[in-house]
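Undergrad: Return a 3D structure for these sequence lines:
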Amino acid sequence: MPDPLRQLNELFAAILPANAFYRAKLGDVGRFENLEVFTSSIPFTTKDELAADHEAHPPYGTTHTFALDGYHRFHQTSGTRGKPLIWLDDPAGWSWILDNWEWVWRGAGVKPGDTALFPFSFGPFLGFWAGFEAATRMGIRAVPGGGLSSEDRLRLLQRSRATVLCCTPTYALRLAEVGESVGLPVSEAGVEKIIVCGEPGGSIPEVRARIESAWGARVFDHHGMTEIGPVSVSDHDHPDILLLRHEAYFCEVVEPTDGSPVPTGQIGELVLTTLGRYGSPLIRYRTGDLVKPVEHTGGFALEGGVLARADDMVVIRGINIHPSAIDAVVRSVDGIGEYRVEVDQRTSLPELRLQVEATDSVAVSLAQALRSTFSLRLPVEAVEPGTLPVFEVKARRWHVLK
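TA: Numbering: from 1, shown residues only. Predicted coordinates for the structure are as follows:
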């Protein structure tokens, strides 16, 4: 069973005073007598603080506990909220990350001897590198699929006889479309499990159902961050529930506006402390992920997964709209390929409109579904297939005009 109080005291003893970032931020910290003392006395860490630290101390910042020559892993964040942050790991920290990814594989029912295909190039982000290495460490045959076309990846899927696919929800749907167009239907590919991450779709019932129907496979959601590591996986028996790895993280949910604790059953922002990444720790890190905690054995879980990003919400005529809510409605309507959302905030009354790769009649059906869901008239324009960008990793469908 997790013992967060012991783990927090061990973490602070290990990183202070050597870690310059937290030495400057926290000063001297004694042992915590209980978790309430920890949460009431230790301030949050924010991404803006990390960005300022990296800006002041390029290129790596000062969040390191050990000498830099002991760090052999280089990754960086996606930079969706500004300049990407470089994040380094020492061997022990990287091993801790792989431990967490092995927990994800086991949670999805993937076992040694299985074969898993990673159908894209990994880039500098941590997630899929860690997933790939964790797979090979636990005896899963990991097949790299970078540098290929989508059609070639489907043929690689056939040759490797992979039963597990690991990709974003968007790309799982994209591969299904390509399979239909080239006569390689993914429903006949033999894939049994799909682990999706990078976007919230795996915990959105409409998106999950669309992927499972196309592939004839079970979808498991997962989320994590380069600066945090692998955090969650779907409950095997309850796909709407996302389990957190409480053994590795001290998890809190707080009110985004004032940081006060959020009761079970209410939506708040996920805050995480990495309990085993001593070399590059984060303490009470404001993830920006909005979640709904629910009671679960061994610590709370998340109903509906990561619901949205706290900074992604837009307000259209008084209605709060998150990207995941739009995605759920789009995926509930048949006949839509890619889509793009444009939010025009250049006037006092912001407008939201969509372009969809679909027929005019399907666009009309989507507009009706959006109006039914949000009680708003949101313009929908039908465009020809192949008009809009396609994505292999994180989809970037929202364009905000300011």
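Undergrad: The stretch 201-350 of the chain: helices as residue ranges?
TA: For the stretch 201-350 of the chain, applying DSSP state H, counting those that start in this stretch gives helices covering 205-215, 323-331.
Undergrad: show me the contacts for residue 167.
TA: Residues in contact with residue 167 (C-beta atoms under 8 Å, 6 or more residues apart in numbering) are 118-120, 175, 194, 196, 392. From N, CA and C alone the C-beta is placed, and that goes for glycine too.
Undergrad: Now the residues you listed in a markdown table, please, with extra columns for neighbour count, distance to residue 251 and pLDDT.
TA: Output for the contacts of residue 167, formatted as a markdown table (neighbours: other C-beta atoms under 10 Å; distance: C-beta to C-beta, whole Å; pLDDT from 0 to 100):
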| residue | neighbour count | distance to residue 251 | pLDDT |
| --- | --- | --- | --- |
| 118 | 23 | 27 | 96 |
| 119 | 25 | 31 | 93 |
| 120 | 23 | 29 | 84 |
| 175 | 28 | 33 | 93 |
| 194 | 25 | 26 | 97 |
| 196 | 27 | 21 | 94 |
| 392 | 20 | 30 | 71 |
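Undergrad: these two touch, right, residue 74 and residue 85?
TA: No: between residue 74 and residue 85 there is no contact under C-beta atoms under 8 Å: 11.7 Å.
Undergrad: Contact partners for the closest residue to residue 70 other than its chain neighbours?
TA: Here the nearest residue to residue 70 in space, its sequence neighbours aside, is residue 90; by C-beta to C-beta, 6 or more residues apart in numbering that works out to 5.0 Å. Going by C-beta under 8 Å, 6+ apart, residue 90 touches 66, 70-73, 279-280.
Undergrad: ok, back up a step: for residue 74 and residue 85, work out which one has more neighbours and name it.
TA: Set residue 74 next to residue 85 and count neighbours by other C-beta atoms under 10 Å: residue 85 wins out with 22 against 12.
Undergrad: What is the least confident helix or strand in this structure?
TA: Lowest on mean pLDDT, DSSP states H and E among the helices and strands of the chain sits strand 319-321, with a mean of 76.
Undergrad: Can you list the strands that that one pairs with?
TA: Sheet pairing of strand 319-321 (DSSP bridges) gives strand 314-316 (antiparallel).
Undergrad: Quick one: mean pLDDT over the partner strand.
TA: Averaged over strand 314-316, pLDDT sits at 80.
Undergrad: picking that back up, selecting buried members of the contacts of residue 90 in PyMOL, what would you type?
TA: Typed into PyMOL, the line below selects the buried ones among the contacts of residue 90, using 16 or more other C-beta atoms under 10 Å:
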select buried, resi 66+71+73+279+280
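Undergrad: closest to residue 25 among the contacts of residue 90?
TA: If you rank the contacts of residue 90 by distance to residue 25 using C-beta to C-beta, residue 280 comes first, at 14.5 Å.
Undergrad: Please, where are all the helices along the stretch 51-200 of the chain?
TA: Using DSSP H, counting those that start in this stretch, helices in the stretch 51-200 of the chain cover 91-107, 126-137, 150-160, 169-182.
Undergrad: Low-confidence ranges, the stretch 1-150 of the chain, go.
TA: Flagging of the stretch 1-150 of the chain using pLDDT under 70 yields the residue ranges 79-82.
Undergrad: How about the contacts made by residue 283?
TA: With contact taken as C-beta under 8 Å, 6+ apart, residue 283 is in contact with 11, 22, 26, 42, 45, 273-274.
Undergrad: switch to 10 Å and redo it
TA: By C-beta atoms under 10 Å, 6 or more residues apart in numbering, the contact set of residue 283 is 8, 11-12, 15, 19, 21-22, 25-26, 29, 38, 42-45, 250, 271-275.
Undergrad: Residue 20: neighbour count?
TA: For residue 20, using other C-beta under 10 Å, the count is 15.
Undergrad: how near is it to residue 286?
TA: Residue 20 sits 21 Å away from residue 286, taking C-beta to C-beta, to the nearest Å as the criterion.
Undergrad: any idea how far residue 316 is from the closest residue to residue 229 other than its chain neighbours?
TA: Closest residue to residue 229 apart from its sequence neighbours, by C-beta to C-beta, 6+ apart: residue 97 at 4.7 Å. Distance, residue 97 to residue 316, by C-beta to C-beta: 39 Å.
Undergrad: same deal with residue 33?
TA: Per C-beta to C-beta, residue 33 is found 48 Å from residue 316.
Undergrad: Settle it for me: which of those two has more neighbours?
TA: Neighbours were counted for residue 33 and for residue 316 using other C-beta under 10 Å; residue 316 has more, 17 against 10.
Undergrad: Which residues are in contact with the more buried one?
TA: Applying C-beta under 10 Å, 6+ apart to residue 316 gives the contacts 343-345, 349-352, 374, 376, 378.
Undergrad: rerun that using 8 Å as the cut-off
TA: By C-beta under 8 Å, 6+ apart, the residues touching residue 316 are 343, 350-352, 374, 376, 378.
Undergrad: Show me which of the residues you listed are buried.
TA: The neighbour-count criterion (16+ other C-beta under 10 Å) marks 343, 350, 352, 374, 378 among those as buried.
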